[in-house]
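[1] Sequence first, predicted coordinates after that:
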Amino acid sequence: MEMRSTRTLQTDRAAPFRWFMFVLLTVWVFGAGTALAQRTVRVGVYQFPPLVHTLSDGRVEGLYIDLLEAVAKEEGWKLEYVTGAWAECLDRLKKGDIDLQTAIAMTSDRQRVYDFSRETVVSTWGSVYTAQSGIESPLDLQGRSVAVLRGDVYNERIRELLKGFNVAARFIEVDEYDHALEMAGSGRVDAAAVERFWGVAQEGRFAVKPTPIVFSPLRLVFAAPKGRGDPILPTIDHYLNENKNRSDSVYYRTLNRWTQIQPAPGLPQWLPVSLGIAVLALALIVGANFWLRHLVRTRTRELQRRNQELEAAIQARQLAETEARENAARFQAIVEKSEAGYYFINAEGIIQDVNEAWLKMYKIEHRDQIVGEHFTVIQRPEDEAAAREFVAGIMRGDPTYLSGEFSRRCQDGSTGYHTFSARPVLREGRVIGIEGFIIDSTQRHKMAQELRASLKDKEVLLKEIHHRVKNNMQVVSSLLSLQAGRETDPRVVAAFEESQRRVSAMALVHESLYRSPSVAEVQLNQYVDGLVHFLAEGFSGRLVQFQMEITPDLKVGLDQAIPCGLVLNELITNAARHAYPDQSGGAVRIEARQKENGWIEILVRDWGRGLPPDLDWRKAGTLGLSLVRSLVERQLLGSIEAKTDNGAAVTFTFPLQGRPAPPNQC
């Protein structure tokens, strides 16, 4: 009993302390909640209607503003709007001068700099606007100017898109989308790349129209400085997630308000009466209605058919554009990896494109050092006129100029050579330039020059050899003549004279080769003419007239010219000496021609007493006839025939060197 009273007393003494701690905790909890509820959130705002923008009176509105104010009302946040250009907003967000940025696209590069909300507010993409005609695809932007927003993700994406198509455009950066469309509408630029919501909402203010070029679908979200998104971004994600699950939520009402056409006002009071009159009128013309319905069905079927054709045409065009892009990419890859140099020159002669192999041949380090220059800068001054003629010929499509070899002036001052092939490039039937490939031929050109010089030296050497051989034979002929002059026996003298004529006949071959443009062939008509004149001097005491009929440009090689000359020497000498023994005189005729089978046929004939009837060429005992038969059959690989027909006629034939003999004449 006493112990229980003591415990009760101790409890009563601790009660005031517990009440004090309860009141202190309550004040701290409510104070902290109030402090959080009254948090000020600095929000970045730029001109991006209908998502977010500032009115002329300074008020801020838009889809993002309605959603954010709904969250702020629930959370008790105080919103402070900080306006500026888009680039300024990004800079402030990066520095932490604002707590939240509206209407920003999430990209991998930006995720390294900012924190982003998980829930997507809207999805969007880039669109290209223009005031001109003829811009239907990215390929149509080649060489044109495009206005883009500084710091905008679509600024980066349009550049990447055109680079993928190998399209070179000139980009003009501005601070606001307004400036981009205003420049496109006034013609200061050819096109403008903007976000699609902004373009749809604002295109009516400017003299522009959308093109079929759309690109880079992206999610638009909220963003906060890196590492400072908590608890703002998770709170926004929570509200967005809840609102997206209810069709009557603030999210969908706001979305309808800013992205769709407003519903029409309610029906007028007079409309029911008008409808009644219309129903009565329709009842009176029901027959016509059936006819009209038939026309509508027919027209509808026609429109459906045309629509299907249009869809098929669109699909075919899209497929063709895809194939064209793939082919262009493949061609570009092949050109870049090719060891042959590729070039494209426009109709004005300006170099538009080259590959790495071309740069290497001209010893140029970077493309921008030559692209945009006139093609004459890579020509030697002495070749410039010929280069202009070639380019003009290629533009005309003249086959004479589509390939060949040309010199080039390298950047280091050296001269090279290359073979080229080229073709005119047509667009809509009009020549817009030329393109082709070059292959370095400097070493081959150098080797050809060295070979020509070497051949020239060898020709000079061979002519000198022929000249010296001829001189040596003249010495031999002179020695034979001297020896003949010391002999008294007529038979010995005759033998020396015959040997002298044979040596001279061989010397004449080398004399002809020495004076001929070719060191390998003898002009038969010139050689026979020289031989006849030489032999005629030895028959000055006889009245012999020589007649010649030899096919012009008939040539024989050195290996055949010497035996052929020896045979002619023997036959002409025999005809002049034995055909007219009484020295009454007569004619000796020499004919030479090439037969249809390619063989050479030579005839030596006279109109004298003819050949002995019992003459057998193969059993002839004289040195001359044995020599003739041996030369014709063994060295010329030909045949010989002799007959008496109002005189003697000897014909021998032989194949040109390198041509096989027919079986019956081998």
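    Thanks, I have it.

[2] show me the contacts for the closest residue to residue 647 other than its chain neighbours.
    Spatially, and ignoring its direct neighbours in sequence, residue 647 is nearest to residue 607 (4.0 Å; CB to CB, 6 or more residues apart in numbering). In this view, the C-beta of every residue, glycine as well, is placed from N, C-alpha and C. Under the criterion of CB atoms under 8 Å, 6 or more residues apart in numbering, the neighbours of residue 607 are 579, 586, 587, 646, 647.

[3] and residue 607, what pLDDT?
    We have a pLDDT of 89 for residue 607.

[4] Also the one 4 residues further on?
    According to the prediction, residue 611 has pLDDT 80.

[5] wait, doesn't it sit right on residue 644?
    Yes. The criterion here is CB atoms under 8 Å, and residue 611 meets it with residue 644 at 5.0 Å.

[6] picking that back up, tell me the phi and psi of the residue nearest to residue 647?
    The phi/psi pair for residue 607 (degrees, to the nearest 10) reads phi -120, psi 40.

[7] how much space between it and residue 586?
    Going from residue 607 to residue 586 by CB to CB, to the nearest Å gives 6 Å.

[8] what number of residues lie near the residue nearest to residue 169 when sequence neighbours are not counted?
    Nearest residue to residue 169, sequence neighbours excluded (CB to CB, 6+ apart): residue 141, at 4.7 Å. For residue 141, the count of nearby residues is 25 (other CB atoms under 10 Å).

[9] was I right about residue 141 contacting residue 191?
    Yes. With contacts counted by CB under 8 Å, residue 141 reaches residue 191, the gap being 6.6 Å.

[10] any residues in contact with both of these two?
    What both residue 141 and residue 191 touch, as defined by CB under 8 Å, 6+ apart, is the set 128, 135.

[11] Any idea how many residues pack against residue 235?
    Residue 235, neighbours per other CB under 10 Å, totals 16.

[12] helix, strand or coil for it?
    Look at residue 235: counting by DSSP: H, G, I helix; E, B strand; the rest coil, its state is helix.

[13] from the contacts of residue 607, which single one is nearest residue 548?
    Using CB to CB, residue 587 comes nearest to residue 548 of those, at 11.1 Å.

[14] Okay, now the unreliable bits of this structure?
    Low-confidence segments of the chain, defined by pLDDT under 70: 1-38, 260-287, 289, 452-486, 493-498, 500-520, 538-542, 582-584, 615-624, 658-666.

[15] elements contacting the longest strand along it?
    Across the chain, the longest stretch assigned as strand under DSSP state E is strand 209-225. In terms of contacts (3 or more CB pairs under 8 Å, 6 or more residues apart in numbering; DSSP states H and E), strand 209-225 is packed against helix 86-95, strand 100-105, strand 114-116, strand 122-130, helix 153-164, helix 232-244.

[16] so what's in contact with residue 607 and residue 586 at the same time?
    Counting by CB under 8 Å, 6+ apart, the residues touching both residue 607 and residue 586 are residue 579.

[17] Now residue 401: closest residue in space, sequence neighbours ignored.
    Nearest to residue 401 is residue 393, by CB to CB, 6+ apart, at 3.1 Å.

[18] tell me which residues of the helix or strand containing the one you found are tucked away?
    Using DSSP states H and E, residue 393 maps to helix 384-396. By neighbour count on 16 or more other CB atoms under 10 Å, the buried set for helix 384-396 is 387, 390, 391, 393, 394, 395.

[19] Using JSON lines, lay out the residues you listed together with distance to residue 240.
    Putting the buried residues of helix 384-396 into JSON lines (distance: CB to CB, whole Å) gives the following:
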{"residue": "387", "distance to residue 240": "67"}
{"residue": "390", "distance to residue 240": "68"}
{"residue": "391", "distance to residue 240": "64"}
{"residue": "393", "distance to residue 240": "69"}
{"residue": "394", "distance to residue 240": "63"}
{"residue": "395", "distance to residue 240": "62"}
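
[20] What is the most widely separated pair among those?
    The distance between the two most remote of the buried residues of helix 384-396 (CB to CB) is 12.8 Å, for 387 and 395.

[21] ok so, going back, so of the helices and strands packed on strand 209-225, which one's packed in deepest?
    strand 100-105 (a mean of 26; mean count of other CB atoms under 10 Å).

[22] so after it, what's the next helix or strand?
    Next element after strand 100-105 (DSSP H and E): helix 108-111.

[23] Give me the distance from that next one to the chain's centre.
    37 Å (CA atoms, centre = their mean, to the nearest Å).

[24] just checking, what packs against it?
    If contacts are counted by 3+ CB pairs under 8 Å, 6+ apart, helix 108-111 sits against no helix or strand.

[25] Now do the buried residues in it.
    residue 110.

[26] returning to that earlier point: which one's more surrounded, residue 611 and residue 644?
    residue 611 (17 against 14).

[27] Surely the more buried one is within a helix?
    No. According to three-state DSSP, residue 611 belongs to no helix; its state is coil.

[28] OK, contacts around it?
    Counted by CB under 8 Å, 6+ apart, residue 611 has contacts 642, 643, 644, 648.

[29] Starting from residue 410, give me the distance back to the residue nearest to residue 357 when sequence neighbours are not counted.
    Nearest-residue entry for residue 357: residue 341, 4.5 Å, with adjacent residues in sequence omitted and distances by CB to CB, 6+ apart. Residue 341 sits 12 Å away from residue 410, going by CB to CB.

[30] The two: which has the busier surroundings?
    Per other CB under 10 Å, whichever of residue 341 and residue 410 has more neighbours is residue 341, with 23 against 14.

[31] Look up how far residue 610 lies from that one.
    Applying CB to CB to residue 341 and residue 610 gives a distance of 77 Å.

[32] Could you do residue 299 as well?
    Plainly put, residue 299 is 111 Å away from residue 610 if you go by CB to CB.

[33] More neighbours: those two, which one.
    Neighbours per residue, other CB under 10 Å: of residue 299 and residue 610, the larger number sits with residue 610, 18 against 10.

[34] what's across from the residue lying closest to that one once chain neighbours are set aside in the sheet?
    In space, residue 610 comes closest to residue 644 once its chain neighbours are excluded; the distance is 3.7 Å by CB to CB, 6+ apart. Residue 644 has the following beta-bridge partners by DSSP bridges: residue 648.

[35] cool, residue 654 as well?
    With DSSP bridges as the rule, residue 654 is bridged to residue 600.

[36] what about it, how many neighbours?
    Residue 654 has 26 nearby residues by other CB under 10 Å.

[37] What residues does it make contact with?
    When contacts are counted by CB under 8 Å, 6+ apart, residue 654 touches 560, 564, 599, 600, 632, 636, 637, 638, 639.

[38] quick one: which of these is most hemmed in?
    Counting neighbours by other CB under 10 Å, residue 564 leads the contacts of residue 654 with 28 neighbours.

[39] how much space is there between it and residue 391?
    Distance, residue 564 to residue 391, using CB to CB: 54 Å.

[40] Equivalent analysis for residue 144, please.
    Going from residue 144 to residue 391 by CB to CB gives 26 Å.

[41] and if you look at residue 421?
    Residue 421 is 14 Å from residue 391, by CB to CB.

[42] Also residue 131?
    36 Å.

[43] From residue 319, how far out is residue 309?
    15 Å.

[44] again with residue 84
    Residue 84 is 45 Å from residue 319, by CB to CB.

[45] Could you check which of these two has the larger neighbour count?
    The neighbour comparison of residue 84 against residue 319 (other CB under 10 Å) goes to residue 84, with 17 against 10.

[46] Excluding sequence neighbours, find me the nearest residue to the more buried one.
    residue 46 (6.3 Å).
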